[in-house]
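In: Just to be clear, the model below is a prediction. Sequence and coordinates:
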Amino acid sequence: MDAHTPAQHLSQAPAQSAPAPIGEAQGPLSIQDPGDCMALVRHTFGRLPQQSLIVIGLLQGYTGGHMRIDLQPALRDPFTSARLVADCLAGEGSCPTPEAALVVLIGDDPVSPEQDEQWRACLDALTMMLDSEYCVRIVQTWFVSGDHVRDPLCTDLGCCDLPGRHLSDLRVPNLGGPLGAGPGREAPPLDRAADTFLAGAPAADPALIAHLAESRRDHPQRQDKHAPRGLLHAWDLALRQQLNPTPDSGGDSVEPAAQAERLTMLLGQLRTGFGRDLLIPLATLSIDHALLGLHLDERAGEEPVDPVEEVMLQDYAKSFFGETGRRPDWPRVDALEAVLRELVPYAHGAERENLLCLMGWIEWVRGRGSAAGSFVDRCLAEFPDNGFSQVIESLMQFKGVCLWARVKQHSWSWSRNSMTGPD
């Protein structure tokens, strides 16, 4: 499942002018037009998702928070799914709360009366939950079945009677990709996020590989007592360099031996599960939180005596589940992804295993369940016994969307759109 708070798009006419043209489209979209609606969904999610229940919030003529969940679970248990969607879209932490919603059900099977009845039951549960619990009215619904689209509430038998209009008959404007994808570009599908991430990694430098191998032989584990802190400081520096790059922060001007030494330290943090885990508070909170976790581990779990340490330790623990109650440092989380991508061609064994499952966690806390599932699947395909990926699967199953993603003003998408720092 995926939950986002995207850039606003005009939802229907009449409405105020868009802040800037998007792709080839000019002026507002009409959610009553199936072509415009398909374009909006494709723009929002990077493509037209398959086997999905999609709900897009509407407020003052603009789209806002949206959510996608797998269709089959929604059909099997419509009221539980409706509760999940309603709570995420309009519940506590959803401010600004939508005043209305657009609903789209997308399936692969050909249209049939039995399918129509099942889909309508799902829509009824969602309508009741959104309207009765949160006063959010569903103002438009589209059923997309196989190659056809229809409005299940349309009373014109010549328009939306089964099976509906053929998709090839629609005029679907090109809106380009989501915010940050660039003009005319569509984002890759979230369910192939792991493949996209790995394919987008830089090519390995043969000279650097040779230096890296030599560096690893000279310092296989770095067992001296200062090494763990040195590794965390190396990662903190790498994140800060991603956020504020300088001409000498990396690249061709740096000697291969120095680059290999840097990579050795960064990869060293990924050789153990505990080292990997420390990168979560390091990125979302601060290096002080990560160092506290390391310090307590060295003290064999001894309880902190300093009240400040106690508060920091609570945030440390809550950061793994996105339950700190405030927005994390999303720019540093994005920087963490960038550094992990840089390490892809040089990570082997446990390093690669921990890199992949850490990316799954990053996507889960962002609210991008499909992307998280892609990394989990890739990690378990290569490393079947990886416990961290299994934990992420359980979190997605039992907790659903991460709390950071549920609270709009704490979410990754909100942070990207508002360009503000952590609370």
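Out: Yes, it's here. Numbering: from 1, shown residues only.

In: what are the phi and psi values for the spatially most central residue of the chain?
Out: Centrality entry for the chain: nearest residue to the mean C-alpha point is residue 368, 2.8 Å, by C-alpha atoms, centre = their mean. Residue 368 has phi and psi values of phi -110, psi 80 when expressed as degrees, to the nearest 10.

In: what does residue 102 give?
Out: The main-chain torsion angles of residue 102 are listed as degrees, to the nearest 10 and equal phi -110, psi 130.

In: quick one, what contacts it?
Out: 11, 31, 37, 40, 55, 56, 58, 63, 138, 139, 140, 141 (C-beta atoms under 8 Å, 6 or more residues apart in numbering). Every C-beta, even on glycine, is put in place using the N, C-alpha and C of the backbone.

In: which strand residues sit across from the residue nearest to the centre of the chain in the sheet?
Out: Legend: beta-bridge partners of residue 368 under DSSP bridges are residue 2.

In: Surely it and residue 190 touch.
Out: Yes - here residue 368 lies in contact with residue 190, judged by C-beta atoms under 8 Å, at a distance of 5.7 Å.

In: pLDDT below threshold where in the stretch 101-250 of the chain?
Out: Within the stretch 101-250 of the chain, the ranges that satisfy pLDDT under 70 run 176-188, 215-216, 218-226, 247-250.

In: Which parts of it are strands?
Out: Remark: strands assigned in the stretch 101-250 of the chain by DSSP state E, counting those that start in this stretch are 137-145, 148-150, 165-166.

In: thought residue 63 was touching residue 57?
Out: Yes - counting by C-beta under 8 Å, residue 63 sits close enough to residue 57 to count as a contact (6.7 Å).

In: Next one: residue 411 from residue 193, what distance?
Out: If you measure residue 411 against residue 193 using C-beta to C-beta, to the nearest Å, the figure is 18 Å.

In: Between these two, point out the one with more neighbours.
Out: residue 411 (28 against 23; other C-beta atoms under 10 Å).

In: follow-up on the earlier one: out of the strands of the stretch 101-250 of the chain, flag the one nearest residue 377.
Out: Distance to residue 377, taken as C-beta to C-beta, is lowest for strand 137-145 among the strands of the stretch 101-250 of the chain, at 25.3 Å.

In: coming back round to it: for the strands of the stretch 101-250 of the chain, which one sits closest to residue 242?
Out: Residue 242 sits nearest to strand 137-145 of all these, at 39.5 Å, using C-beta to C-beta.

In: got the CA positions of the closest one in CSV?
Out: Listed in CSV are the C-alpha atoms of strand 137-145, where the atom choice follows Å, rounded to 0.1, in the frame of the first residue of the first chain:
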residue,chain,number,x,y,z
ARG,A,137,-18.0,12.9,0.4
ILE,A,138,-17.0,10.7,-2.5
VAL,A,139,-17.8,12.9,-5.5
GLN,A,140,-16.6,10.7,-8.3
THR,A,141,-15.8,7.0,-8.8
TRP,A,142,-14.4,5.1,-11.8
PHE,A,143,-14.2,1.4,-12.2
VAL,A,144,-11.4,0.3,-14.6
SER,A,145,-11.8,-3.3,-15.5
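
In: Within its sheet, name the partner strands of that strand and how each one runs.
Out: Sheet pairing here is set by DSSP bridges, and for strand 137-145 it gives strand 100-107 (parallel), strand 148-150 (antiparallel).

In: I'd like the ones you listed written out as TSV, with distance to residue 372 added.
Out: Formatted as TSV, the entries for the strands paired with strand 137-145 read as follows, by distance: least, C-beta to C-beta, whole Å:
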stretch	distance to residue 372
strand 100-107	20
strand 148-150	29
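
In: Low-confidence ranges, the stretch 301-423 of the chain, go.
Out: Judged by pLDDT under 70, the stretches of the stretch 301-423 of the chain that qualify are 301-302, 304, 417-423.

In: let's see it at 50
Out: Across the stretch 301-423 of the chain, the stretches falling below the confidence threshold (pLDDT under 50) are 419-423.

In: Which parts of it are helices?
Out: Secondary structure of the stretch 301-423 of the chain (DSSP state H, counting those that start in this stretch): helices at 307-319, 330-343, 350-366, 369-382, 387-398, 403-406, 412-418.

In: Can you report how many residues neighbour the nearest residue to residue 154 once chain neighbours are set aside?
Out: With sequence-adjacent residues excluded and distances taken as C-beta to C-beta, 6 or more residues apart in numbering, residue 154 is closest to residue 160, at 3.6 Å. Counted with other C-beta under 10 Å, the neighbours of residue 160 add up to 20.

In: who's in contact with residue 160?
Out: Contacts of residue 160 were listed using C-beta under 8 Å, 6+ apart, and they are 150, 151, 152, 154.

In: Can I get the buried part of those as one ChimeraX selection?
Out: For the buried members of those, the matching ChimeraX selection, counting by 16 or more other C-beta atoms under 10 Å, is:
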select :150,151,152
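
In: Nearest to residue 401, out of the contacts of residue 160: which one, please.
Out: If you rank these by distance to residue 401 using C-beta to C-beta, residue 152 comes first, at 26.3 Å.

In: Any idea what the closest residue to that closest one other than its chain neighbours is bridged to?
Out: Beyond its immediate neighbours in the sequence, the residue positioned closest to residue 152 (C-beta to C-beta, 6+ apart) is residue 143, lying 5.4 Å away. Beta bridges link residue 143 to residue 105, residue 150, judged by DSSP bridges.

In: Correct me if wrong: residue 143 contacts residue 112.
Out: No - between residue 143 and residue 112 no contact is recorded; they are 11.7 Å apart, counting by C-beta under 8 Å.

In: which of those two has more neighbours?
Out: More neighbours sit around residue 143 than around the other of residue 143 and residue 112, counting by other C-beta under 10 Å; the figures are 24 against 12.

In: measure the more buried one to residue 34 for me?
Out: Applying C-beta to C-beta, one obtains 10 Å for the distance of residue 143 from residue 34.

In: hang on, the earlier thing: of all the strands paired with strand 137-145, which one is nearest residue 333?
Out: Across the strands paired with strand 137-145, the minimum distance to residue 333, taken as C-beta to C-beta, is reached by strand 100-107, at 28.8 Å.

In: Pull the distance from the closest one to the chain's centre.
Out: Strand 100-107 has its C-alpha centroid displaced from the chain centroid by 20 Å (C-alpha atoms, centre = their mean, to the nearest Å).

In: Would you mark the buried spots in it?
Out: Of the residues in strand 100-107, those buried by neighbour count under the rule 16+ other C-beta under 10 Å are 100, 101, 102, 103, 104, 105, 106, 107.
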